[in-house]
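Colleague: From the sequence below, what's the structure:
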Amino acid sequence: MTHAGQIRDILNHKGNSVWTIAPDATVFEAIQMMAEKNIGALLVIEAEKLIGIISERDYTRKVILKGRASKETLVRDILSGKIIFVTPEHTVEECMRLMTEHRIRHLPVLDGARIAGVVSIGDLVNWIISAQNSAIHQLQTYITGFPTPP
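Modeller: Below you'll find the model as predicted:
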């Protein structure tokens, strides 16, 4: 595991489960699904095509703060339509840069037109921490000549 791993490595490790919702579902249904799945965003799919993403942040800023009702507001009315996505070949560093530049926390992963998964900022941070721990362990083993206990 390297710090410069590719997104394909992360998906192979965490799995490529993707949770989606239709644009005509209510925001309440979207938030309910996010809570059930313990996730922070859903991909919005229409006619088998990715048309956007809806996140907890969209809910708080576009429904709650505007005094809208989540059971009456449709996902299509608040989704983030500008889709920033990556491919399995993107590196962790490239994804971190994209997330920082666009102030987003989730990136759909597309392999051609196929949705290959979703990575979150948490996935990237966990990958980096694991890579750093592995590097530290290898250096300790090299310096001392024997592995340190976990």
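Colleague: Where does pLDDT dip in this protein?
Modeller: 1-4, 81, 135, 146-150 (pLDDT under 70).
Colleague: Can you list the buried residues in the longest helix along the chain?
Modeller: Identified as the longest helix of the chain according to DSSP state H is helix 121-144. Neighbour counts over helix 121-144 (16 or more other CB atoms under 10 Å) mark I121, D123, L124, W127, I128, A131 as buried. In this view, the C-beta of every residue, glycine as well, is placed from N, C-alpha and C.
Colleague: Determine which two of those are furthest apart.
Modeller: I121 and A131 (15.7 Å; CB to CB).
Colleague: ok so, going back, just put the buried residues of helix 121-144 in JSON lines and tack on distance to S55.
Modeller: Output for the buried residues of helix 121-144, formatted as JSON lines (distance: CB to CB, whole Å):
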{"residue": "I121", "distance to S55": "11"}
{"residue": "D123", "distance to S55": "15"}
{"residue": "L124", "distance to S55": "16"}
{"residue": "W127", "distance to S55": "21"}
{"residue": "I128", "distance to S55": "22"}
{"residue": "A131", "distance to S55": "26"}
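Colleague: Which member of these is positioned nearest E94?
Modeller: For these, the nearest to E94 is L124 (10.2 Å; CB to CB).
Colleague: That closest one contacts T100, doesn't it?
Modeller: No - between L124 and T100 there is no contact under CB atoms under 8 Å: 10.6 Å.
Colleague: Give me the secondary structure label for I51.
Modeller: Following DSSP: H, G, I helix; E, B strand; the rest coil, the label given to I51 is strand.
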